[in-house]
Structure formats: C-alpha cells, structure tokens
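Chemist: turn this into a structure:
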Amino acid sequence: MIAGLKHTPSLEKWVTWGGGALFLACMGLFAYTNNYFLLAIPFVVPVLALAFFNWKAFYWLFLLCVPLSAPVFFLNNSISTTFPDEQFMWMFFVMFIVLVAANYKIIPEWFLRSPLTLALILQFTWLIVAVCFSQDFILSFKYMLAKSWFIVSYLIFPVFIFREKKDFVKAFKLFVIPVTLHALFAFTWHYFKHFDFWDSNRVVRPFYRNHVDYSTVLSMVFPLLLVAYQLCKGNKKLRILLLCVIIFYIPAIYVAAARAAMIGVIFALVVAFAVRRKLVQWILPLFFLFVSSLVVYMVNDNKYIDYRPNFKYTFTPRSFADAITASFRGTDMSSMERFYRWIASARMSTEHPLVGVGPNNFYTHYKGHAVTMFKTYVHRNEEKSTTHNYFIFMLVEQGWPALILYAILMMAIFSNGQRIYHQCRDPFFKKVTMGLVMLSAVGFVNNFFSELIETDKVGALFFMPIALLIVIDHINKKAAQAAGPGTSGTLPASS
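Modeler: Numbers count the residues shown, from 1 in each chain. Modelled structure (predicted):
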C-alpha cells in the first residue's frame, strides 16, 4: 500500500482527463444499455483509487459514511446490507488479508498483548467453535463473516490510523457531526408528528431501522459531547455551540422513546464517578449478582408465571409516557414480549448449554421452546428480531462460554479504562479515556435490553472505543518510558 503520492502537474492532468473520459464513457454506455450500474462506476473507481493510494484518507471517508449509511434489502427482503459502510468494511477486510499475507508482523505486538485484545480473541475463537457445531451452518458462517469485517474495520484498522490527538478530534467530527445533523432533522420531523410514539420509528429512516438503533447511537454519542465541551475551554464560541448541542441531545434522546438509552446515560454518569474514585471494578460484579439473584427468585416455585401478560390490559403505548407507566404496571407489550423470548431462550439453553444452537439461529428455533401463556399480540415476530438481551443472545446461540466471555470483556473494558485514566499524563487523553469508558457503559445498558452490536453504527461505537483505549494505553506507556525510570507514570486526577 502507498501512504500517499507526490502531487505533480502531470499526475493532476492525467487524473482529470482520465476521470472525465471515464464519466463520459459510462454516460454513453448507460444511454445505450439503460443499465443503472454503469452510473456508479465514475464514483466507485475514485473511491478504489483513494483506497490504494491513501488508505488513511480512505478510512476517514469510511467513518464519515457510517452515520449516513442506510439498510438496503434485496430478493424480497431475504438479504440485507447497509450501504455504503458495509461495502467499505468488505474492502478493509480484503486489504487486511493482503497486508497480513505480505507481512504477518504488521499487527503491533503491543496491541496483541493488551488484555482487551486477548478477551476479544477468546470471544472470536469461541464463535468459530459455535459455528462449527451450528444447527444451520450457512446462517452461522454468514454471521461470522460479518463479525470478521466489523472487527477488522473498527478494532484493527484504528490501531494503524490513530497516532496523534488530531486523529481523535477528526474521528469525533466525522462521526458526531452527521449524527447530530440527522438528529436535528428527525427531531423536527417528529415535532410535526406531535412526538407520536409510533412515528418515532418512521422519522429516523432511512439511516436507522428503528427508534431503538437511533436512540442507542444518540445516547452513546452523548458522553463524547460532554468530553468535547471540557476540551475546548479556550474556544468560547465552540463551547457555546457544544453546550447547545448537549442541551438538544437531552430531549432528543427522550423523544426517541427508548428507556434503555436514558438508563444508559444515567449509568454512564455513575461509571464516571466510579472511575474517578477507583471503584469501577465493583460495578459489574454487583450488577451480575443482582441479576442472578433476581433470576433465582423468578425461577423458584415458578414465580415468573405470576408476571404473565394479561391480554385485556397489555398494549402497545401511543406515547412515551404511556410506555413508562405501562412498564411499572407490567402492561407494556415490549416488556412482555421480552419475557416471552427470555423464557424461550432459557429453555433452549438447557438443550445446547455449551455451544448453543449456533450464531444467527435463534429465530428458527425459539418458538418451539416458548411458554404459550407469555404469548403476546406481536409474538409472530415478523421482523425476525432476537432475544432483546445480549447476554441471553450469547447464551442461546453460542452457549455459556460465550456469555461468560462477553461478561469478562465488559469488566475488562471498565477496569482497563479506569487504569488507563489514572495513568494518563496528558489531560487530553485523560478526558478522552473517560469519554470512551462512559460510551461503553451506555452501550452495555442498551445491549442488556437489545442486541445491537451487530448493527453497523452501534457496532462501530462498540469496537472502536476498545481499539482507542488500547492505543491510548500504548501512548501512555511510551510517554512513561520517554520520561525515564524516575517517574511513576501517574498524574493526579484532573477535572
């Protein structure tokens, strides 16, 4: 790969004339054949050229496209992709294979030695095992391929790209600005719909499948805005602008009408406090203990049956206030459908406790294990969604080892984030580290009530913070080595 080419008049001349000739030729062929794919060639070729001549600039273009990508369906909705970010990921996957084939040592050792990398390697290794024992190998293999280019694009390539502070700033701008502009548009459109609960899904299209994906992205971006506000103390105008954006995000997240997003933001603030006090290592173990105790209570003497839905009162709310009220009363359709699938998943897991039914296999197997008394009006599940809990999703499709490894990964993110935060010498990286940990905390809560890591935008916001924490850890260690053995490598906490 060539990092860049020297700019010369002759090169500019050839590019200009070559591009013009290609455009005219494709237009002529389109006029003759009426094949619309020919119109894409003048746009695809420059992108491919950029990937070859300057793949770092190509990566920045990719990040810009992620918030602006939309799901596209083919063959009567039987096949789907997101355009254009997933096509970028395919290209990065191929580039990675070529780079590793040319030099297998291209991945730095400091990246491979990170505990976070180790946790992800173990996760992916078990995914391969689960695929091998899958009930439907083809579906599982497709899932593994998609996971592969997600990891390559959002976890491995950032290690090659991010080197300086300006890289972190650029990534923030390229991702957050399009997300915010679209949020302004969706919020305005939703306003004219009187913030109707059902319309919360319509106003976010085509860039998001539904209001859950949208609210998750907004809530995960929110901590980054708080960090950006802290980092621009010397720029009054920019600070005022960011403050306005932060204030806008609060009602925007609320009217997006997903309870998990709001809980996630609150949980992120708790995690931030715990990181400062060096207490974050206690949060997830206590959370897991609470959830386990709740499960034992519900299973004992079949207590969960007392919470079965009442068709007379269970309903889909028309407003978000209705959804909150229904949650406390136990009459919310969404919550009851979750119980329906969680119970089915628990029963499925007893049949395949070690390797699960196989990645991407939940939908084809769960209904036969469901308890009919928990059936709701939407049990048909025409959108083919899954468990609505990432832990249960791992358990039922990949077995107990996958669930445990995911729990370990989340604990490793928080504990390593806390360590990196307190070791940071540079206030910039200290604040960025806090933002990344808070972002992961929001994602953890959202994925406790859904399974969104496999979606393009949430997947980006899940894997990239892990990569950036590893990069910042490496920068910290290099700074400590440069400072000499007489320094501790730790600075006092800054505001």
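Chemist: is it true that residue 71 lies in a strand?
Modeler: Yes. According to DSSP: H, G, I helix; E, B strand; the rest coil, the state of residue 71 is that of a strand.
Chemist: quick one, what contacts residue 434?
Modeler: 227, 272, 275, 417, 421 (CB atoms under 8 Å, 6 or more residues apart in numbering). All C-beta spots, glycine's among them, are computed from the backbone N, C-alpha and C.
Chemist: any idea how far residue 128 is from it?
Modeler: 34 Å (CB to CB, to the nearest Å).
Chemist: buried ones in whichever strand or helix holds residue 180, by neighbour count?
Modeler: Here residue 180 sits within helix 165-192, counting by DSSP states H and E. Within helix 165-192, the residues scored as buried using 16 or more other CB atoms under 10 Å are 167-168, 170-172, 174-176, 178-180, 182-183, 186-187, 190.
Chemist: hmm, back to that, okay, the contacts of residue 434 in CSV with secondary structure and neighbour count next?
Modeler: Shown next, in CSV, are those (DSSP: H, G, I helix; E, B strand; the rest coil; neighbours: other CB atoms under 10 Å):
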residue, secondary structure, neighbour count
227, helix, 21
272, helix, 19
275, helix, 26
417, helix, 27
421, helix, 25
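Chemist: any idea how far stretch 136-153 is from the middle of the chain?
Modeler: Distance of stretch 136-153 from its chain centroid, counting by CA atoms, centre = their mean, to the nearest Å, is 16 Å.
Chemist: give the buried residues for that stretch.
Modeler: 139-141, 143-144, 146-147, 149-153.
Chemist: so which of the residues you listed is the closest to residue 201?
Modeler: residue 146 (23.6 Å; CB to CB).
Chemist: what's the helix or strand for the closest one?
Modeler: With DSSP H and E as criterion, residue 146 is part of helix 137-151.
Chemist: by contact count, what packs against that helix?
Modeler: Packed against helix 137-151, as judged by 3 or more CB pairs under 8 Å, 6 or more residues apart in numbering; DSSP states H and E, are the following elements: helix 85-102, helix 115-132, helix 456-483.
Chemist: which one of the ones you listed lies nearest to residue 404?
Modeler: Closest among these, using CB to CB: helix 115-132, at 9.4 Å.
Chemist: what angle sits between the closest one and helix 137-151?
Modeler: For helix 115-132 against helix 137-151, the angle by axes from the mean of the first three to the mean of the last three CA atoms, to 10 degrees is 160 degrees.
Chemist: in helix 115-132, which residues are buried?
Modeler: For helix 115-132, by 16+ other CB under 10 Å, it's 115-117, 119-120, 122-123, 126-127, 130-131.
Chemist: again, but for stretch 266-278
Modeler: 267-268, 271-272, 274-275.
Chemist: for those residues, give me JSON lines that also has pLDDT and distance to residue 446.
Modeler: Compiled in JSON lines, the buried residues of stretch 266-278 are given as follows (pLDDT from 0 to 100; distance: CB to CB, whole Å):
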{"residue": "267", "pLDDT": "96", "distance to residue 446": "10"}
{"residue": "268", "pLDDT": "96", "distance to residue 446": "11"}
{"residue": "271", "pLDDT": "96", "distance to residue 446": "14"}
{"residue": "272", "pLDDT": "96", "distance to residue 446": "17"}
{"residue": "274", "pLDDT": "96", "distance to residue 446": "19"}
{"residue": "275", "pLDDT": "96", "distance to residue 446": "19"}
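Chemist: and which of the residues you listed is nearest residue 340?
Modeler: For these, the nearest to residue 340 is residue 267 (25.6 Å; CB to CB).
Chemist: the closest residue to that closest one other than its chain neighbours: how many residues sit nearby?
Modeler: Among residues not flanking residue 267 along the chain, residue 445 sits closest, at 4.9 Å (CB to CB, 6 or more residues apart in numbering). Using other CB atoms under 10 Å as the criterion, residue 445 is surrounded by 24 other residues.
Chemist: from what I see, residue 445 and residue 264 are in contact.
Modeler: Yes. The pair residue 445 / residue 264 is scored as a contact, 3.7 Å apart, by CB atoms under 8 Å.
Chemist: how about JSON lines for the contacts of residue 434, with distance to residue 196 added?
Modeler: Formatted as JSON lines, the contacts of residue 434 follow (distance: CB to CB, whole Å):
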{"residue": "227", "distance to residue 196": "33"}
{"residue": "272", "distance to residue 196": "34"}
{"residue": "275", "distance to residue 196": "38"}
{"residue": "417", "distance to residue 196": "39"}
{"residue": "421", "distance to residue 196": "42"}
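Chemist: ok, residue 149 - contacts?
Modeler: So residue 149 contacts 86, 89-90, 92-93 (CB under 8 Å, 6+ apart).
Chemist: host element of the residue nearest to residue 267?
Modeler: helix 427-448.
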